[in-house]
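Q: Give the three-dimensional model of this entry:
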Amino acid sequence: MRSYPIERVRNIGIMAHIDAGKTTTTERMLFYTGMTYKIGEVDDGTAVMDWMVQEQERGITITSAATTCAWRDHRINIIDTPGHVDFTAEVERSLRVLDGAIAILCGVGGVEPQSETVWRQADKYRVPRIVFINKMDRVGADPERAVLMLRTRVAAKPLPVQIPLGREDGFRGVIDLIDRKVYDWGQDLLGTDYTVREVADEDREEVERKRQDMIEMLSEHDDALMAKYLDGVEVTAPELRAAVRRATLTQEAVPVLYGASFRNKGVQPLLDAVVDYLPSPVDVRPVAGRHPRTQAEETRPASDDAPFSALVFKIANDPFLGSLAYFRVYSGKAKVGQAVYNSAKGEEEKLSRLLEMHSNKRTEVKEVYAGDIAAMGSMKNISTGDTLCLKSHPIVLESIRFPEPVIAATIEPKTKADHAKLAATLAKLEREDPTLKVSQDPMTGQTLLRGMGELHLEIVMDRMEREFGVRANLGKPQVAYKETIQAAAEGEGKYIRQAGGKGLYGHVVLALEPLERGRGVEFVDRTRGGSVPAEFVGDVENGVREACEAGVVAGFPATDLRAALIGGSTHDTDAAPVAYKIAASLAWREAAAKAAPALLEPLMKLEVVAPDEYLGDIVGDLNARRGKIEGMEMRSGSRVIMVHAPLAEMFGYATTLRTLTQGRGVFNMEFARYERTPQGVQDEIVARIEGRIPFRADA
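A: Numbering: from 1, shown residues only. Modelled structure (predicted):
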């Protein structure tokens, strides 16, 4: 039986920029809901949610951790996500399966670069949010500026439902605009004792003014509230709370709350807001998918009585249980011993073990229901994005798309003994992390490890040695360039072999045309089964896609182009799949060479924060790195520089910035997009690859 009705379940994520206080806030939520008896601290390495050794040593979150707690007779499933750009895939996969989210902003920094990134990820999945402006006790805390940045940077519609009671050293609590109550933590260090009192006379005018502003904003989208507002009728607290909930669920407003998690202030009202404003599984649209055979669109309502459907959003290696698969149940229920069908792989397997996760600890359960987030002993051939369902009611839910790696490095085992284990270990890590790619360099035969950044690869190497006992050497990081075309062109490929008996015949004519950035590789058949028999069109497409993997400029994968099959011919007896595949590859290479091929390089978005006196040196260095300054502003006495720069020029920037600013400058960097490499730089890269000039490790 269910322990909580589905209407009283909340699946939420904690998302923010690095160091905004996600894990610290989650630790307080667990403590005040009674899930932990002691508050864990990130800086001490005692945070429950940061359980990996690497997280405890660095004081950052690397992997998303799931846990469960209860508040006001509601069950809250929480996923604490990383803030570092190298682990943005953890946020992506978490938001895909969540119903709501808490976006935490630093009271001083406001909307920082990674906050923007995760906000747009949440927009993509239409996840309702509440905002918690944290660190109100810090010097320079400016909540009004943070609210303004929500409007200007991410086009949000912030709706403050509280007023901070003091700020910086004087921050004591919050004034709730809906109930007109003051929540005052005073000097209580643990945060469990706080007083609730009426608004003081000197604050009453401000409270009434801001309450009216809130009602005015809500009434724009709420007819019932608009009628009361125009008639001058007093809006009660329950009516106002219901209106805020409706506006949050439709994303017409984002409630804003304030606090200081490290000082244990403001977390209980945040838990109340999760219950009051964020959706239950029945408040969001029924999950949509397709029938694996007919491709007809189907939906599954969030009900225990509907056919079972679930999405696998994470694979993790557990030292005791082996591989674990985390999944979100969208409809129906499943119990231990029941057979479930993996519709993406076409395989059926019994559920041997079901687990309720609390960070890296777990509790065995017998059954899971709609709305639950749980884990299971992994099936043999399961991967992130797979759909689990009943074979009698199959469905394929939309999978999760992950960003492409932007950095690569060679990896080699240190000893012969490590050689045998290296491939198996990399396969496990690659299965666990969809942004980690392992491949062979076609020119040198070396193993290449691709990831989202230097820290990402560093963590992978650390885990290989500690968890799997594999020691390896990592080469200098290299940029993951891509290739594209800039013009339309046609190419013809023929593959004809006669060696006695039946021969091989394939003849293909292709037309290539460029596409806008991010479209990938598209293939279309414009012959409609004419000159090339329909049974060989799939082989032509395979040949095109394989040819794209090696490019024509410098051997990098080609992207953002459309290949159209426009002609060819066949042979009554010698036509063969392999011949058409080779012919397609030849035709593609001929067309690509004529289509103004070009290199694409990853462009990074940087935010550099440093004292104003170092501005000239910093800008000069960024210009030398082909950086393009996008804007500057003052923030808490420091200069903030927004810039776009090629990844190839940014290796070692942390050391350079420390030197230029005597250790006082910091920066954040995240992937922005791929862009055309300047011709001079492209010529230099090609010359290095061809061995005409010495190879530079970071290029």
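
Q: From here on, just use CA atoms for contacts and neighbour counts.
A: OK.

Q: and the gap between V508 and R526?
A: V508 sits at a distance of 12 Å from R526 (criterion: C-alpha to C-alpha, to the nearest Å).

Q: What helix or strand is the residue nearest the centre of the chain located in?
A: Nearest residue to the geometric centre of the chain (C-alpha atoms, centre = their mean): E92, 2.5 Å. Here E92 sits within helix 88-97, counting by DSSP states H and E.

Q: avg pLDDT for that helix?
A: For helix 88-97, the mean pLDDT works out to 78.

Q: what sits up against it?
A: When contacts are defined by C-alpha atoms under 8 Å, 6 or more residues apart in numbering, helix 88-97 is touched by residues 13, 15, 63-64, 79, 81-82, 118, 121-122, 125, 127, 311, 313-314, 328, 400, 402-403, 434-435.

Q: Quick one, which of these are buried?
A: With burial judged by 16 or more other C-alpha atoms under 10 Å, the buried subset of the contacts of helix 88-97 is 13, 15, 63-64, 79, 81-82, 118, 121-122, 127, 311, 313-314, 328, 400, 434-435.

Q: follow-up on the earlier one: between V508 and R526, which one's more packed in?
A: Applying other C-alpha atoms under 10 Å to V508 and R526 shows that V508 carries more neighbours, namely 29 against 13.

Q: surely the more buried one meets Y580?
A: Yes - with contact defined as C-alpha atoms under 8 Å, V508 counts as touching Y580 (7.0 Å).

Q: got any residues that touch both of the two?
A: V540.

Q: what is in contact with V508 and R526 at once?
A: The contact sets of V508 and R526 overlap at L565 (C-alpha under 8 Å, 6+ apart).

Q: re earlier: name the helices or strands packed onto the helix or strand following the helix holding E92?
A: Downstream of helix 88-97, the first helix or strand assigned by DSSP H and E is strand 100-106. Applying 3 or more C-alpha pairs under 8 Å, 6 or more residues apart in numbering; DSSP states H and E, we find strand 100-106 packed against strand 9-16, helix 113-124, strand 129-134.

Q: Just want the angle from strand 100-106 to helix 88-97.
A: 140 degrees (axes from the mean of the first three to the mean of the last three C-alpha atoms, to 10 degrees).

Q: Could the C-alpha coordinates of strand 100-106 be exported in PDB?
A: In PDB, the C-alpha atoms belonging to strand 100-106 read as follows (Å, rounded to 0.1, in the frame of the first residue of the first chain):
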ATOM      1  CA  GLY A 100       9.100  20.900  -9.800                       C
ATOM      2  CA  ALA A 101      12.400  22.600  -8.800                       C
ATOM      3  CA  ILE A 102      13.900  25.000  -6.300                       C
ATOM      4  CA  ALA A 103      16.300  27.500  -8.000                       C
ATOM      5  CA  ILE A 104      18.700  28.800  -5.400                       C
ATOM      6  CA  LEU A 105      20.400  32.100  -6.000                       C
ATOM      7  CA  CYS A 106      23.200  33.700  -4.100                       C
END
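
Q: For that strand, give me every contacting residue.
A: 10-17, 20-22, 111-112, 115, 119, 127-136, 146, 278-279.

Q: Buried ones in it, by neighbour count?
A: Residues of strand 100-106 classed as buried: 100-106 (neighbour count, 16+ other C-alpha under 10 Å).

Q: and these as TSV, adding distance to V553?
A: Shown next, in TSV, are the buried residues of strand 100-106 (distance: C-alpha to C-alpha, whole Å):
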residue	distance to V553
G100	45
A101	44
I102	45
A103	43
I104	44
L105	44
C106	45
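
Q: Show me how to select, in ChimeraX, the buried members of the contacts of strand 100-106.
A: Buried residues within the contacts of strand 100-106, by 16+ other C-alpha under 10 Å, are selected in ChimeraX with:
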select :10,11,12,13,14,15,16,17,20,21,22,111,112,115,119,127,128,129,130,131,132,133,134,135,136,146,278,279
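
Q: mind checking pLDDT for the spatially closest residue to V524 that is not a sequence neighbour?
A: Spatially, and ignoring its direct neighbours in sequence, V524 is nearest to A564 (4.8 Å; C-alpha to C-alpha, 6 or more residues apart in numbering). In this model, A564 is scored at 93, pLDDT.

Q: Equivalent analysis for P413, please.
A: Value listed for P413 in the pLDDT field: 87.

Q: got it, and V282?
A: Per-residue pLDDT puts V282 at 93.

Q: ok, it - contacts?
A: 6-7, 301-303 are the contacts of V282 under C-alpha under 8 Å, 6+ apart.

Q: Give me the number of neighbouring residues for E458.
A: The burial count for E458: 12, using other C-alpha under 10 Å.

Q: residues of the helix or strand that contains it that come out buried?
A: Following DSSP H and E, one finds E458 within helix 454-468. Neighbour counts over helix 454-468 (16+ other C-alpha under 10 Å) mark 454, 456-457, 460-464 as buried.

Q: how far away is the residue nearest to the centre of the chain from V508?
A: 40 Å.

Q: Just the CA atoms of stretch 350-366, as PDB, please.
A: These are the backbone C-alpha positions of stretch 350-366, laid out as PDB (Å, rounded to 0.1, in the frame of the first residue of the first chain):
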ATOM      1  CA  LYS A 350      12.200  -9.600 -13.700                       C
ATOM      2  CA  LEU A 351      12.600  -7.000 -11.000                       C
ATOM      3  CA  SER A 352      14.900  -8.700  -8.500                       C
ATOM      4  CA  ARG A 353      15.300  -5.800  -6.100                       C
ATOM      5  CA  LEU A 354      13.700  -2.400  -5.600                       C
ATOM      6  CA  LEU A 355      15.300   0.300  -3.500                       C
ATOM      7  CA  GLU A 356      14.300   3.600  -2.000                       C
ATOM      8  CA  MET A 357      17.500   5.800  -2.100                       C
ATOM      9  CA  HIS A 358      18.800   8.100   0.600                       C
ATOM     10  CA  SER A 359      21.900   9.500  -1.000                       C
ATOM     11  CA  ASN A 360      24.300   6.400  -1.000                       C
ATOM     12  CA  LYS A 361      22.200   4.500   1.500                       C
ATOM     13  CA  ARG A 362      19.200   2.500   0.600                       C
ATOM     14  CA  THR A 363      16.100   0.800   1.900                       C
ATOM     15  CA  GLU A 364      14.500  -2.200   0.200                       C
ATOM     16  CA  VAL A 365      10.900  -1.800  -0.800                       C
ATOM     17  CA  LYS A 366       8.500  -4.400  -2.200                       C
END
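
Q: Alright, calling it a day.
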